[in-house]
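Trainee: Got a predicted structure here, sequence first:
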Amino acid sequence: MADINKALTIAVKTGKVSFGANNALKSAKAGKVRLIVVASNCPEEIQKDIKYHCKFSKVPLFLYNGASLELGRACGKLFLISALSIRDPGDSDILKLVAERNV
């Protein structure tokens with residue numbers, strides 16, 4: 001989990017990341033992102049919608065093993081983050097780490 005947290009921090013600092021479940025859902029529908037990360041306590045209905053559209057758009061989805069508070073901290077933010085979309089990972093190796101864990 002420490003590797004994922006470090007990679008998320010780097011992605012937020014050096015890449016293009018948008019926060020929020022609504023943004024993640026829109027991104028999943030459009031299929032124009034490289035990865036969507038969802039906190040474990042994201043409301044189930046929202047998670048289902050995001051999962052469905054990710055599968056349909058072939059966008060990788062990572063279920064973060066922590067609540068929205070921990071996801072916010074991992075991103076270096078002082079607020080809750082239930083979901084985030086990564087358009088550009090920047091200098092982060094988050095895409096590689098997620099691919100290894102999802103295999």
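Mentor: Noted; the coordinates are in hand.
Trainee: Next, Ile46: phi, psi?
Mentor: Main-chain dihedrals, Ile46, degrees, to the nearest 10: phi -70, psi -40.
Trainee: same deal with Lys29?
Mentor: phi -60, psi -40.
Trainee: So what does the most centrally placed residue in the chain look like in phi/psi?
Mentor: Nearest to the mean C-alpha position of the chain, by CA atoms, centre = their mean, lies Val37 at 1.8 Å. Backbone torsions of Val37, given as degrees, to the nearest 10, read phi -110, psi 130.
Trainee: before we move on, what about Leu61?
Mentor: Main-chain dihedrals, Leu61, degrees, to the nearest 10: phi -120, psi 130.
Trainee: Next, work out how far apart it and Gly90 are.
Mentor: According to CB to CB, to the nearest Å, Leu61 and Gly90 sit 20 Å apart. C-beta: built from backbone N, CA, C; applies to glycine.
Trainee: The two: which is more packed in?
Mentor: Leu61 (19 against 15; other CB atoms under 10 Å).
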